[in-house]
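**Student:** Make a model of this:
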Amino acid sequence: REEFKNRWLGVGVIQYPSDLLAYAQLLYQTKPEVIIETGTNYGGLAVYFATLMEQINHEATIIPVDIDSEKWDKEVAEGRITQRMLKQIVFIKGDSVSEQVVHEVQKHANGKKGLVLLDSLHAKDHVLKELRLYFKFVAEDSYLIVNDTHLEVLGIMGPDKEGALSAVQEFLKSTNEFVIDSSFPNTILSCSPSGFLK
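**Tutor:** All right, here's what the predicted structure looks like:
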């Protein structure tokens, strides 16, 4: 798949370029103090966020979470994720919905203006758990972004499988604190249709 070939400063970033522009716009608009990303893989999105936040709020912390650190560790070991980048990044290894990981995130995020991006396992139950655990880190007028809602929109998951979009729909039935921001994504090509929750 072509999106697996994308790089940001040499680090793999499995995102559509159009979504990267949307994230840049949101970071400038919201100026978060902490950005939480579940499912970081190689770490390219965390690096992208760090390089943007150097210009927007150089004291911001980026918290990527992943159950597997092998690709992340390789990027760090080979010097593509540099020590300068790591001054802004706190990588947490573990299951994003585990009590231990959420507690660790909380230590870095509590009391700070947060933005959250969910991009780990895309099964409905898992995404719903993430939504219910991570919404508390999102500041007023900030965003909770759910990736890979497009898998259901495009029918890629199959007719009987529910994923991130179904999780978003169920989550929104249980809260009035978030709404879908219909101005995002602002391009046709996105992995997050109906996934930008304000």
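**Student:** C-alpha from now on. contacts and neighbour counts both.
**Tutor:** Will do.
**Student:** what comes up buried for stretch 46-58?
**Tutor:** Ala46, Val47, Tyr48, Phe49, Ala50, Thr51, Leu52, Met53, Ile56, Asn57 (16 or more other C-alpha atoms under 10 Å).
**Student:** Ok, stretch 79-87 next?
**Tutor:** Within stretch 79-87, the residues scored as buried using 16+ other C-alpha under 10 Å are Arg80, Ile81, Met85, Leu86.
**Student:** repeat for stretch 143-155
**Tutor:** Tyr143, Leu144, Ile145, Val146, Asn147, Asp148, Thr149, His150, Leu151, Glu152.
**Student:** can you redo these as TSV with pLDDT, distance to Gly12 and secondary structure?
**Tutor:** As requested, the buried residues of stretch 143-155 are exported to TSV (pLDDT from 0 to 100; distance: C-alpha to C-alpha, whole Å; DSSP: H, G, I helix; E, B strand; the rest coil):
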residue	pLDDT	distance to Gly12	secondary structure
Tyr143	98	24	coil
Leu144	98	23	strand
Ile145	98	20	strand
Val146	98	20	strand
Asn147	96	17	coil
Asp148	94	17	coil
Thr149	96	21	coil
His150	93	21	helix
Leu151	92	21	helix
Glu152	90	25	helix
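**Student:** The residue positioned nearest the centre of the chain: what's it in contact with?
**Tutor:** Geometric centre of the chain, nearest residue: Leu117, 2.4 Å, by C-alpha atoms, centre = their mean. Contact partners of Leu117, counting by C-alpha atoms under 8 Å, 6 or more residues apart in numbering, are Ile35, Ile36, Glu37, Thr38, Leu144, Ile145, Val146, Asn147.
**Student:** what's the answer for Glu75, then?
**Tutor:** Contacts of Glu75 (C-alpha under 8 Å, 6+ apart): Val11, Tyr42, Gly43, Ile81.
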